[in-house]
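Undergrad: any chance you could fold what I've pasted below:
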Amino acid sequence: MHEIDYSAVCDSLRSYQQPTGRYAELIPKLQADEFIDIARREAQLDDFGDDDFLQPLRSLLDSVARDVDFSEQGLSGFRDHIVRCLVTKLRMQDDFVRHPEILEEDVSDPIVVIGLPRTGTTKMQRILSSLSDNDIQKTSLWKMINPAPFPNVPAGATDPRIFAASTNELNSEGRPEYHAAHMSTAMEPEEDGLMCDSTFDDWVWSSVFAPSVNYYEWVMKRPQMPVYEHLHRMYQYLQWQDGGRRNRLWVTKNVQHIAHLEELLEFFPKATLIHCHRDPLVSIPSLAKLTMEVWRPVLRTVDPQFTGQAMRLWWGTAMSRYMESRRRLSLDERIIDVPYQRIRHDAVNLVQEIFAQVGRPLSSDQLANVRQWEKDNEQHKNGKHEYSLQAFGLSDEQIRSDFSEYMERFDSMLDPT
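TA: Numbering: from 1, shown residues only. This next block holds a predicted model:
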C-alpha cells in the first residue's frame with residue numbers, strides 16, 4: 001500500500017496559514033474536562049462507555065487553539081459543537097446499554113455516493129433519496145447533527161431535532177452564497193461524515209468546522225477503522241430508532257470515503273458504490289468557494305489562497321489514496337462510475353439503472369417521485385455559484401499535477417463544463 005507523506009503535505013500548506021498567536025488566549029477556553037462536565041450536566045448522564053475519544057478530543061482542541069483564528073461567533077459555535085458531540089455520546093451509550101439489540105441491525109448493503117466534492121454527489125444522493133420513507137432510509141441533516149433522540153419528547157410530537165437542525169450553523173438558509181452553492185436544510189439528506197464528529201478522530205473537523213493543519217496531519221496518520229466502526233454503529237442506531245430495517249436500503253453519501261475505501265467496505269461489505277466524476281479543474285475551485293462560505297462565520301478572516309491550497313492538497317491526497325485502493329482491492333466491478341453531465345442531464349434514467357442494478361427496480365409511482373424531484377430541483381434554483389482557479393491562487397498546472405492519475409484514468413468522464 002502506497003503511503004502518503006502527510007507531514008510533507010502539511011508543511012507545504014503551513015506556508016499559507018500564518019500562526020494566529022492566540023494559543024495562550026484560546027487554550028483556556030478549549031479544555032476537554034470543562035466540556036465533559038458541561039455535557040454530563042446537560043445530558044444528566046455520566047457514562048461515555050470507553051474513553052477512546054479523550055486523546056482525539058484533546059488533540060483537536062490543542063490543534064485548533066494553535067491554528068484557528070476564531071471569530072467570537074466561531075469560538076462560541078465551536079464550543080457548542082463540542083458539547084453537542086459529547087451529549088450525543090452520552091445519550092447513545094445510554095441507549096446501547098439499555099437496548100443491546102441495536103447491534104443486531106443489518107446495515108451491510110447501503111447505496112453509497114462517493115467522489116470529489118462538487119461533482120454532483122449531492123444531487124445524486126438526493127434524487128436517489130426521493131423515494132418514500134417506506135422504500136429507503138435517508139440521512140437527513142437533522143439526524144446527522146443529532147443522531148441521539150432528545151429525552152422526554154411526548155408521543156406523536158414533531159421530533160425537536162428537526163428544529164435544532166434548522167438553527168444549526170450547517171443550515172444554509174439566510175446565507176445566500178452558501179445556499180446557492182449547497183442548499184442545506186433540516187430535512188435534506190446530507191453527508192454521513194457529520195456523524196463522525198463525535199469520535200473527534202475524523203478530518204471532517206478540519207475540512208468543515210475548524211481549519212487546522214496540525215489536526216489534519218495528526219488525524220490522517222491515524223488508523224481509521226475505529227471511525228468506520230463508529231459509523232456502522234450509528235447506522236444501526238438510526239435504523240433501530242426508525243423501526244428497524246423493514247426491507248429498506250440506506251442511501252448515503254460521504255465524499256471523504258474516497259480516502260478510506262478499505263475501511264468503508266470492511267463495515268459495509270455489500271455496499272453499492274456510486275462514483276460521481278467531474279473535472280477537478282472545475283470541482284476544486286467550486287469547493288474552495290463553498291468552503292469559504294462554510295468557514296466565514298467561524299473565522300475572523302477567510303483567506304482565499306489558504307482555502308484554495310487546502311482544498312487542492314487535502315483532496316489531491318484523498319484522490320491518490322482512492323486510486324491506489326481501487327486498484328489494490330480490484331474494485332472496478334464494484335463501483336458504478338457516473339459522469340457529472342449525466343447526473344445533470346439524465347438523472348432520472350440513471351436512478352432507474354442504479355436501483356435495477358441493486359435488484360430493486362422502480363415502480364411507476366416510485367419513478368414519478370424521482371421525476372418530480374428532478375422537476376422541483378433544477379440547477380441554480382437558489383442562485384448561481386461562481387468561481388475560478390485564479391480567485392484562490394490556484395493554477396491549471398497545480399491541479400493537473402495533483403490529480404494526474406485520476407484525470408488520465410477517467411478522462412472520458414471529465415467534461416469540464
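Undergrad: contacting residues for H275?
TA: I114, G115, I335, I336, D337, V338 (CB atoms under 8 Å, 6 or more residues apart in numbering). For glycine as for every other residue, the C-beta is placed from the backbone atoms N, C-alpha and C.
Undergrad: not counting its neighbours along the chain, what's nearest the first one?
TA: Residue nearest to I114 in three dimensions, not counting chain neighbours: H257, with 4.8 Å by CB to CB, 6 or more residues apart in numbering.
Undergrad: hang on, the one you found is in a strand, isn't it?
TA: No. If the criterion is DSSP: H, G, I helix; E, B strand; the rest coil, then H257 is helix and not within a strand.
Undergrad: what's the helix or strand hosting E374 packed up against?
TA: Per DSSP states H and E: E374 is located in helix 364-376. For helix 364-376, the elements it packs on are helix 121-128, helix 347-357, judged by 3 or more CB pairs under 8 Å, 6 or more residues apart in numbering; DSSP states H and E.
Undergrad: any idea how far the most far-flung residue of the chain relative to its centre is from V370?
TA: For the chain, the residue at maximal distance from the C-alpha centroid (CA atoms, centre = their mean) is S364, at 32.1 Å. Distance, S364 to V370, using CB to CB, to the nearest Å: 11 Å.
Undergrad: surely M144 meets D192?
TA: Yes. Contact criterion CB atoms under 8 Å: M144 and D192 qualify, at 6.5 Å.
Undergrad: contacts only, for the residue farthest from the centre of the chain.
TA: Contacts for S364 (CB under 8 Å, 6+ apart) come out as none.
Undergrad: state the mean pLDDT of the helix or strand following the helix holding E374.
TA: Moving toward the C-terminus from helix 364-376, the next helix or strand (DSSP H and E) is helix 396-402. On average, the pLDDT along helix 396-402 is 96.
Undergrad: any idea how far helix 396-402 is from the middle of the chain?
TA: How far helix 396-402 lies from its chain's middle: 25 Å, per CA atoms, centre = their mean, to the nearest Å.
Undergrad: which of the residues in it are buried?
TA: By 16 or more other CB atoms under 10 Å, the buried positions in helix 396-402 come out as Q398, I399, D402.
Undergrad: what strand or helix carries the closest residue to the first one other than its chain neighbours?
TA: Using CB to CB, 6+ apart and skipping the chain neighbours, the partner closest in space to Q398 is R312 (6.1 Å). Applying DSSP H and E as the criterion places R312 in helix 304-328.
Undergrad: which secondary structure elements does that helix contact?
TA: Packing partners of helix 304-328 (3+ CB pairs under 8 Å, 6+ apart): helix 6-14, helix 213-220, helix 261-267, helix 280-295, helix 396-402, helix 404-409.
Undergrad: same list (those helices) but as a markdown table, adding distance to T158.
TA: Formatted as a markdown table, the helices and strands packed on helix 304-328 follow (distance: least, CB to CB, whole Å):
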| stretch | distance to T158 |
| --- | --- |
| helix 6-14 | 44 |
| helix 213-220 | 36 |
| helix 261-267 | 32 |
| helix 280-295 | 28 |
| helix 396-402 | 45 |
| helix 404-409 | 44 |
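Undergrad: which one, of these, ends up nearest to L54?
TA: L54 lies closest to helix 213-220 among the helices and strands packed on helix 304-328, at 14.4 Å (CB to CB).
Undergrad: can you give me the angle the closest one makes with helix 6-14?
TA: Here the directions of helix 213-220 and helix 6-14 differ by 160 degrees (axes from the mean of the first three to the mean of the last three CA atoms, to 10 degrees).
Undergrad: next SSE after helix 213-220?
TA: The C-terminal neighbour of helix 213-220 among helices and strands, as given by DSSP H and E, is helix 225-241.
Undergrad: flag every buried residue along that next one.
TA: Buried residues in helix 225-241 (16+ other CB under 10 Å): 226-228, 230-241.
Undergrad: mean confidence score for it?
TA: Taken as a whole, helix 225-241 has an average pLDDT of 98.
Undergrad: doesn't N152 fall inside a helix?
TA: No. According to three-state DSSP, N152 belongs to no helix; its state is coil.
Undergrad: I145 versus that one, what's the distance?
TA: Using CB to CB, we find N152 at a distance of 19 Å from I145.
Undergrad: the two: which is more packed in?
TA: Taking other CB atoms under 10 Å, N152 and I145 do not tie; I145 has more neighbours (23 against 6).
Undergrad: now do the contacts for that one.
TA: Shown in contact with I145 (CB under 8 Å, 6+ apart): R84, R161, A164, A165, N168, L170, L194.
Undergrad: what do you get if the cut-off is 10 Å, keeping everything else the same?
TA: I145 is in contact with 81, 84, 88, 161-162, 164-165, 168-171, 186, 190, 194-195, 197, counting by CB atoms under 10 Å, 6 or more residues apart in numbering.
Undergrad: before we move on, the earlier item: a markdown table please, covering the contacts of H275 and showing pLDDT.
TA: Converted to a markdown table, the contacts of H275 look like this (pLDDT from 0 to 100):
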| residue | pLDDT |
| --- | --- |
| I114 | 98 |
| G115 | 98 |
| I335 | 97 |
| I336 | 97 |
| D337 | 98 |
| V338 | 97 |
